[in-house]
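Asker: Generate coordinates for the sequence data below:
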Amino acid sequence: IIPMVKKFRGPSMFFFVFAFSVCLLAGYGAETLINESYEDRIKKRIHNFNRTILVILSVLGVLFLLSLVSKSAVTSIWKDVLFSRLSEQKIAVMNATYSKYLVGFLVMFVLLFLAWWLMELRRKGKLTVGVFASLLVVITLLDLYPRETKFLKTMPIRAYRQEDNIIRFLHQDKGIFRVYPFPNTYGPNDLLKHGIASAYGSQNFRLRWYEKLIGRQGSDILMKKPVADLLNVKYLVLPQAYSDPLLDGYEPIFQAPNKWTVYLNKTDVKFVWLVAGYRIAGSEDDAISYVKHQDFNPFETVVLEKEPKGGASLAGRKGEIDGEMDITLFSPNKVTVDVSAPADAFLVLSQTYYPLWQATIDGKRTEIFKSDGAIQSIFIPAGQHKVEFRYLSKYYRMGKILSALGIILTIISLVVVVRKEKRG
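Answerer: Down below sits the predicted model:
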């Protein structure tokens, strides 16, 4: 019934269906309680339901008293009846957190009792619809607030954005570059929150081809120098100063007191450049394998996965073209570059390839190629041009339209309901 739910994984689908079903049943129940003129048979069902809740409350009350009086009895029930294979470690955790268990039990009992009491008062006609609904919302908030406030850790915004010595050092560089943070230095988002691009990406939301290119935990950025050059990795952040052949292409330039070391890439890495030619790889894996070869120079050739419609004369050529490129706009969803190319070339952009990106040359649409296994490039003819790369998602636009329609329909529905109540 609900679009895209079948695309969820098993546990997520089960959770969604369960939560949706509970909300639906709760809605039917609330509608019944709010209705001013329900039949006698419905009243009898509500009465029976409330009696059932009262029985459950009585059982819970006995269990709470038992938990309060005899801790060993509860532990025995858990160990011998409910979970016969309960490990000693879990029993030790339960004993250490037993007081929290009691508090949680008491809160659950009190909230359930209040909900039952409100339903009884509403059934007997002692509460209006507005008061009943308001009190029910208050009880719900009291139930959710303690958990929701602890679900996500909060901290003052100043503390979250506080800069250390390394962040302040990196901010001195006003260019466009990426940083590779070695594992156990900065976390996935620690650099991004300071406006510094991380070659490791954000959390685990990396595209398949980018994940293949950088390797496990970004190891190939350090192990394969061409990968670092291709991805515009200007700096490494390592736990300490190392003497290792892998770092021959880097030099330490900053040592934070009692912290980590920043290395500078000796190669003049770029965000955008021109190359004289291309070669074809048979597949994505072949392209990435070729890029990771130590002899590969990303500034001399671009590896494509299919023959380009334009620029066929550049096949097999190598060499960097010394053109002029001025980045006039750089943002997450749009990049514009003024290019002066002395000859036909491929313009390479050190930005992850994704099909929803579009490119134009002097306002005319051109094809973006998946290049070097994971980034973008376009064929550009000789001359002066204005190039624009823009991320345009039809799904995002569709989401905005559906959201707007939802808001409009909600407003219309509220107006209709209010008018009906006034006429009634």
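
Asker: tell me the average confidence for stretch 202-211?
Answerer: Mean per-residue pLDDT for stretch 202-211: 81.

Asker: for the protein, which spans come out with low pLDDT?
Answerer: Across the chain, the ranges flagged by pLDDT under 70 are 1-11, 34-43, 81-84, 86, 203-204, 424.

Asker: all helices for it, in order.
Answerer: Ranges of helices within the chain are 10-34, 40-69, 71-76, 88-96, 98-123, 129-151, 157-160, 165-171, 208-214, 219-223, 225-230, 284-291, 394-423, based on DSSP state H.

Asker: For Leu392, which non-adjacent residue is spatially closest?
Answerer: Distance criterion C-beta to C-beta, 6 or more residues apart in numbering; nearest residue to Leu392, sequence neighbours excluded, is Gln358 at 5.5 Å. Bear in mind the C-beta positions are built from the backbone N, C-alpha and C, glycine included.

Asker: so which of the helices of the chain is the most packed in?
Answerer: Among the helices of the chain, the stretch with the highest mean neighbour count (mean count of other C-beta atoms under 10 Å) is helix 225-230, at a mean of 24.

Asker: Distance from that helix to the middle of the chain?
Answerer: 26 Å (C-alpha atoms, centre = their mean, to the nearest Å).

Asker: Check which helices and strands that helix sits against.
Answerer: Helix 225-230 sits against helix 208-214, helix 219-223, helix 284-291, with contacts defined as 3 or more C-beta pairs under 8 Å, 6 or more residues apart in numbering; DSSP states H and E.

Asker: Including distance to Asp229, could these go into CSV?
Answerer: Formatted as CSV, these follow (distance: least, C-beta to C-beta, whole Å):
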stretch, distance to Asp229
helix 208-214, 12
helix 219-223, 10
helix 284-291, 10
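
Asker: mind listing what the closest residue to Val348 other than its chain neighbours touches?
Answerer: Using C-beta to C-beta, 6+ apart and skipping residues adjacent in sequence, the residue nearest Val348 is Ser377, 4.5 Å away. With contact set as C-beta atoms under 8 Å, 6 or more residues apart in numbering, Ser377 has these partners: Val302, Leu304, Phe346, Leu347, Val348, Leu349, Ile368, Phe369, Ser371.

Asker: thinking again about what came up before, the residue nearest to Leu392 and Lys71, how far apart?
Answerer: Gln358 sits at a distance of 66 Å from Lys71 (criterion: C-beta to C-beta, to the nearest Å).

Asker: got it, and Lys44?
Answerer: Applying C-beta to C-beta, the value for Lys44 to Lys71 is 42 Å.

Asker: now swap in Gly187 and tell me
Answerer: Taken as C-beta to C-beta, the spacing of Gly187 relative to Lys71 amounts to 40 Å.

Asker: repeat for Lys90
Answerer: As judged by C-beta to C-beta, Lys90 and Lys71 stand 15 Å apart.

Asker: Repeat that for Gly406.
Answerer: Separation of Gly406 from Lys71 (C-beta to C-beta): 51 Å.

Asker: for Pro146, same thing?
Answerer: Pro146 is 23 Å from Lys71, where distance means C-beta to C-beta.

Asker: Same question for Ser413.
Answerer: Applying C-beta to C-beta, the value for Ser413 to Lys71 is 53 Å.

Asker: With Arg51 instead?
Answerer: Distance, Arg51 to Lys71, by C-beta to C-beta: 32 Å.

Asker: And for Pro332?
Answerer: As judged by C-beta to C-beta, Pro332 and Lys71 stand 55 Å apart.

Asker: ok, now Pro245?
Answerer: According to C-beta to C-beta, Pro245 and Lys71 sit 61 Å apart.

Asker: Ok, Phe177 next?
Answerer: To Lys71, Phe177 is 59 Å away according to C-beta to C-beta.

Asker: now do Ala343
Answerer: According to C-beta to C-beta, Ala343 stands 83 Å off from Lys71.

Asker: burial measure for the closest residue to Lys266 other than its chain neighbours, as a count.
Answerer: Residue nearest to Lys266 in three dimensions, not counting chain neighbours: Gly249, with 5.3 Å by C-beta to C-beta, 6+ apart. Neighbour count for Gly249, taken as other C-beta atoms under 10 Å: 16.

Asker: With Leu247 instead?
Answerer: Neighbour count of Leu247, defined by other C-beta under 10 Å: 16.

Asker: Just give the closest residue to it, not the sequence neighbours.
Answerer: Computed as C-beta to C-beta, 6+ apart, the closest residue to Leu247 that is not its neighbour in sequence is Tyr263, at 6.5 Å.

Asker: isn't that neighbour right next to Leu236, touching?
Answerer: Yes. Contact status for Tyr263 versus Leu236: in contact at 4.1 Å, counting by C-beta atoms under 8 Å.

Asker: what do these two both touch?
Answerer: Common neighbours of Tyr263 and Leu236, using C-beta under 8 Å, 6+ apart, are Leu247, Tyr250.

Asker: need the strands for the stretch 151-300 of the chain, in chain order.
Answerer: Taking DSSP state E, counting those that start in this stretch to define them, one finds strands in the stretch 151-300 of the chain at 178-181, 197-198, 233-238, 250-255, 261-265, 272-275, 277-280.

Asker: Just give me how far stretch 358-371 sits from the chain centre.
Answerer: Distance, centroid of stretch 358-371 to centroid of chain: 28 Å (C-alpha atoms, centre = their mean).

Asker: Buried residues of it, list them for me.
Answerer: Residues of stretch 358-371 classed as buried: Ala359, Thr360, Ile361, Thr366, Ile368, Phe369, Lys370, Ser371 (neighbour count, 16 or more other C-beta atoms under 10 Å).

Asker: and the end-to-end length of it?
Answerer: One end of stretch 358-371 to the other measures 15 Å (C-alpha to C-alpha, to the nearest Å).

Asker: contact partners of that stretch?
Answerer: By C-beta under 8 Å, 6+ apart, stretch 358-371 touches 209, 284, 302-306, 308-309, 346, 348, 353, 357, 376-380, 385-392.
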